[in-house]
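[1] got a predicted model here, sequence first, then my questions.
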Amino acid sequence: MVSPVRAAQAAFHRLGRTEELPGFLLSVGCLFLALLCAALGLEIGALVFLLLSVLGELPFEVRSSTASDLLDQASFGLPMRFALRVIAGLVVSDQLDSAAAVRVFTVVAVAYALVLCARALHQEYRRVGPLKPMETRNIPGSPRIHDAPRRRAVEVVLTQLLVLGPVLFGTPWLPVLLAGIVAVAALTAVTVPDVRASWALRQQKRATGFTAPLRRIQEFLDDYQPDVVVHLSGPEAAGYQINTWLESLEALDRRVFIVLRDHPLFTKMASTSIPTLELKDPGELLMLDFSSARVALYPSNTGNNIHLLRLPTLMSAFIGHGDSDKSASNNPFSRAYDELWVAGEAGADRYRRSGLGVHEDQYRFVGRPQVHGISREPRLGDEDVPTVLYAPTWEGVNHDQEYSSVSAVGVRVVQALLAADPPVRVVFKAHPFTGQRDAKYRAVLARIAGLLDDASARTGIDHRVVKGGSINEWFNRATALVTDISSVVSDFLASEKPYAVFNHTDDDDATFRATYPSTGAGTTIGRDGRGIAEFIDVVTRSAPDLQAGARSELATYLLGPPEQRTLAAFAASVDAFIARSDAERGAYRGTSYAVEPGDSEDEPAL
């Protein structure tokens with residue numbers, strides 16, 4: 001049975017970010033308190049909470065997105081909240097001057113509620129209708145289509161106060177009417193332009209398939225003439241999948257254009273000078289003419305990739321977002337690409353062992369440019385208190401891909417590291433997806449954070465939890481690593497420092513290492529905790545480091561030789577790929593394969 005505390009934590013987590021809670025409590029909490037006071041005949045309390053509830057809409061609507069959207073989906077949006085405030089006001093309507101004032105107040109409230117309903121209908125139309133959000137970076141004019149009409153929080157709060165104000169003061173019917181007319185007119189005045197803007201966009205799309213912002217995107221593409229298109233879709237936490245490539249892409253002497261298909265992903269992309277388009281609607285993407293581009297690079301296997309893979313003018317390469325022994329590294333979808341870019345021979349071997357029918361001529365060995373800045377220092381013995389980075393992966397999309405040590409031995413690993421003698425410093429950096437599928441992982445993360453905080457206070461050692469930033473920075477600060485099957489293993493091997501990997505299987509260590517070659521030069525940690533003490537002995541130099549030579553050989557196998565782990569080597573790979581595209585796809589050049597309006601299966605019938 002879930003404890004009340006865990007249930008409350010889960011509820012707050014679903015409601016959104018912590019900064020949204022004060023507005024939620026003011027708006028919704030005070031509304032229920034106003035209704036309760038009204039039912040109990042506590043007139044002053046009802047009026048005070050009613051006023052606070054209205055004022056609470058300002059921080060709630062300005063700061064909130066998740067919680068507000070959830071309330072809208074639960075039919076408890078602004079119109080319903082306003083209706084309940086009217087009910088509370090009518091219950092304590094002794095403050096109104098007369099029965100006529102009550103009737104006028106009721107009529108005004110109904111008229112105002114109708115405007116709120118029209119706004120809610122417009123917002124729902126933008127959510128489910130044919131107008132999809134579009135956002136850009138580094139494109140002249142910053143063309144965009146908002147994901148929803150403006151909330152107009154200030155106007156909504158002020159006009160609600162005008163309508164509900166007479167409840168707070170004994171007011172004759174005429175001021176009630178005048179205040180209501182001003183409120184309804186003011187809210188209508190800010191609503192109509194928003195509706196007209198949506199209508200204009202819809203008419204543009206109906207007529208030509210191109211909204212004005214999308215037309216500006218096409219004009220930019222015609223002028224910019226990109227050589228390389230990078231395409232990615234995914235949730236907010238997948239931002240690292242594009243961020244890991246930005247430095248390499250910016251170093252290219254080529255015109256690069258990034259296409260992201262999801263707004264949360266777009267918001268998490270790091271700062272870059274590369275022109276970037278966020279476009280969710282597949283029909284609109286199909287209409288854009290990418291005929292100038294030579295190649296398309298794909299950091300992740302997602303269904304949306306097909307919207308560019310359909311273009312014969314573009315040669316495609318799966319570049320991935322990390323080199324690892326996870327099963328996702330040999331996905332059958334990979335056969336759809338012209339080339340599979342792998343860091344070292346290990347990447348090709350994973351496909352070969354999979355039996356998926358990948359052809360040898362699909363492999364391109366490009367090294368791993370992301371590790372060019374990873375240092376081999378500090379080495380064992382360089383620091384009095386060595387730093388151990390514990391960087392586990394997440395629980396995976398299903399149980400078959402659950403490589404994570406967090407739930408199985410995470411607490412035991414941290415406790416053992418904190419108890420090491422001589423002492424070590426522990427830095428904990430979990431995968432950003434951790435806890436996305438399984439809530440118990442979030443509870444373990446909280447417990448580990450508590451252990452590190454307590455140890456820091458007790459010992460004065462700067463143990464810490466890291467939630468953002470590049471993991472490479474911590475590779476360069478760490479003396480050793482504890483992790484799981486993931487690209488973290490391969491990238492850290494560039495440092496040739498000691499590492500330990502969690503054995504998530506029921507296999508013995510020898511079988512595990514044979515199945516997952518990236519673990520071959522490290523210590524294996526079992527579900528029963530075996531291997532932790534052995535690893536700590538190496539880190540604290542209580543036992544010799546016998547794997548140094550093996551780590552160097554394995555790094556070459558996984559990442560390619562050191563000379564291929566550079567930005568210049570990656571640029572050379574892109575140039576070679578473009579040359580191949582020019583040679584093999586030249587016959588398609590000069591022809592646009594953009595879908596004409598009405599031809600796209602994704603465009604709804606009108």
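    Yes, it's here.

[2] so what's the spatially most central residue of the chain closest to, chain neighbours aside?
    Closest residue to the average C-alpha location of the chain: residue 236 at 0.9 Å, with C-alpha atoms, centre = their mean. Ranked by C-beta to C-beta, 6 or more residues apart in numbering and with sequence neighbours excluded, the top spatial neighbour of residue 236 is residue 264, at 3.5 Å. For glycine as for every other residue, the C-beta is placed from the backbone atoms N, C-alpha and C.

[3] for residue 233, see how far away that neighbour is.
    From residue 264 over to residue 233 the distance is 10 Å, taken as C-beta to C-beta, to the nearest Å.

[4] more neighbours, those two?
    residue 233 (20 against 14; other C-beta atoms under 10 Å).

[5] hang on, that one packs against residue 266?
    No. Counting by C-beta atoms under 8 Å, residue 266 is not a contact partner of residue 233; they are 10.3 Å apart.

[6] which residues do those two both contact?
    residue 260 (C-beta atoms under 8 Å, 6 or more residues apart in numbering).

[7] re earlier: need phi/psi at the residue nearest to residue 236.
    With angles defined as degrees, to the nearest 10, residue 264 shows backbone torsions of phi -60, psi -40.

[8] do you know the pLDDT at it?
    Per-residue pLDDT puts residue 264 at 89.

[9] what about the strands in the stretch 201-350 of the chain?
    Secondary structure of the stretch 201-350 of the chain (DSSP state E, counting those that start in this stretch): strands at 228-232, 256-260, 276-279, 295-298, 315-318, 339-342.

[10] okay, helices next: where are they in the stretch 1-150 of the chain?
    Using DSSP state H, counting those that start in this stretch, the helices of the stretch 1-150 of the chain run over 4-15, 21-24, 30-39, 43-63, 66-73, 78-91, 99-128.

[11] and for the stretch 151-300 of the chain?
    Using DSSP H, counting those that start in this stretch, the helices of the stretch 151-300 of the chain run over residues 153-168, 173-208, 212-224, 239-250, 263-268, 282-287.

[12] mind listing what's buried in the longest one?
    Of the residues in helix 173-208, those buried by neighbour count under the rule 16 or more other C-beta atoms under 10 Å are 173, 176-177, 179-180, 183-184, 186-188, 190-191, 194-195, 198, 201-202, 204-205.

[13] before we move on, what about stretch 334-349?
    Neighbour-count burial for stretch 334-349 [16+ other C-beta under 10 Å]: 334, 337-348.

[14] and that stretch, how far out from the chain middle?
    Relative to its chain's centre, stretch 334-349 lies at 26 Å (C-alpha atoms, centre = their mean, to the nearest Å).

[15] what sits up against it?
    Residues outside stretch 334-349 that contact it (C-beta under 8 Å, 6+ apart): 298, 301, 305-306, 309, 315-320, 323, 329, 351, 356-358, 362-368, 490, 517-518, 556-560, 564-565, 573, 577.

[16] report the contact partners of the closest residue to residue 33 other than its chain neighbours.
    Computed as C-beta to C-beta, 6+ apart, the closest residue to residue 33 that is not its neighbour in sequence is residue 49, at 4.3 Å. By C-beta under 8 Å, 6+ apart, the contact set of residue 49 is 30, 31, 33, 34, 37.

[17] mind doing that once more with 10 Å?
    26, 29-38, 42, 56, 85, 88 (C-beta atoms under 10 Å, 6 or more residues apart in numbering).

[18] and residue 482, what element?
    strand 480-483 (DSSP states H and E).

[19] quick one: name whatever helix or strand follows that strand.
    Following strand 480-483 toward the C-terminus (DSSP H and E): helix 487-493.

[20] pLDDT of the following helix or strand past that following helix, averaged?
    Counting by DSSP H and E, the next helix or strand C-terminal to helix 487-493 is strand 499-502. Averaging pLDDT along strand 499-502 gives 96.

[21] what about the stretch 151-300 of the chain, any weak spots by pLDDT?
    170 (pLDDT under 70).

[22] wait, isn't residue 431 in contact with residue 437?
    No. At 11.7 Å, residue 431 does not count as touching residue 437 under the criterion of C-beta atoms under 10 Å.

[23] between those two, which has more neighbouring residues?
    The neighbour comparison of residue 431 against residue 437 (other C-beta under 10 Å) goes to residue 431, with 24 against 15.

[24] please, which helix or strand holds the more buried one?
    Using DSSP H and E, residue 431 is not contained in any helix or strand.

[25] distance-wise, check it relative to residue 381.
    Using C-beta to C-beta, residue 431 is found at 30 Å from residue 381.

[26] next one: residue 125
    Residue 125 sits 66 Å away from residue 381, going by C-beta to C-beta.

[27] between the two, which one's more packed in?
    A direct count of neighbours by other C-beta under 10 Å for residue 125 and residue 381 places residue 125 higher, at 16 against 11.

[28] my read: that one touches residue 194, true?
    No. At 11.2 Å, residue 125 and residue 194 do not qualify as touching, with contact defined as C-beta under 10 Å.

[29] what do the two both touch?
    Common contact partners of residue 125 and residue 194 (C-beta under 10 Å, 6+ apart): 148, 149.

[30] before we move on, back to that, among the strands of the stretch 201-350 of the chain, which is nearest residue 409?
    In terms of C-beta to C-beta, the element of these nearest to residue 409 is strand 339-342, at 30.6 Å.

[31] run me through the strand neighbours of the closest one, direction for each.
    If you go by DSSP bridges, strand 339-342 pairs up with strand 315-318 (parallel), strand 363-365 (parallel).

[32] now for the helix or strand that the shortest one is followed by, which elements pack on it?
    It refers to strand 363-365. Heading C-terminal from strand 363-365, the first helix or strand you meet, by DSSP H and E, is strand 387-391. Contact analysis of strand 387-391 by 3 or more C-beta pairs under 10 Å, 6 or more residues apart in numbering; DSSP states H and E lists helix 411-418, strand 425-428, helix 471-477, strand 480-483, helix 487-493, strand 499-502, helix 532-539 as its packing neighbours.

[33] deepest-packed of those, please.
    With neighbours taken as mean count of other C-beta atoms under 10 Å, the helices and strands packed on strand 387-391 reach their highest mean count in strand 480-483, at a mean of 29.

[34] tell me the contacts of residue 319?
    For residue 319, the contact set (C-beta under 10 Å, 6+ apart) comprises 230, 244-245, 248, 297-300, 337, 339-342, 364, 366, 570, 573-574.

[35] what about it, distance to residue 293?
    When residue 319 is compared with residue 293 (using C-beta to C-beta), they lie 15 Å apart.

[36] could you do residue 515 as well?
    With distances taken as C-beta to C-beta, residue 515 is found 39 Å from residue 293.

[37] the two: which has the busier surroundings?
    With neighbours defined as other C-beta under 10 Å, residue 515 and residue 293 compare such that residue 293 has more, 24 against 14.

[38] ok, that one - contacts?
    221, 224-229, 255-257, 308, 311, 313-315, 578, 581.

[39] just the buried residues out of the residues you listed, in ChimeraX syntax.
    Buried residues within the contacts of residue 293, by 16+ other C-beta under 10 Å, are selected in ChimeraX with:
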select :221,224,226,227,228,229,255,256,257,308,311,313,314,315,578,581
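
[40] surely residue 310 and residue 231 touch.
    No. Using C-beta under 10 Å, residue 310 is not in contact with residue 231, being 11.8 Å away.

[41] quick one: closest of the helices of the stretch 1-150 of the chain to residue 418.
    Across the helices of the stretch 1-150 of the chain, residue 418 has its closest neighbour in helix 4-15 (24.9 Å, C-beta to C-beta).

[42] pLDDT of the closest one, averaged?
    So the average pLDDT for helix 4-15 ends up being 50.

[43] repeat that for stretch 29-42.
    Stretch 29-42 carries an average pLDDT of 90.
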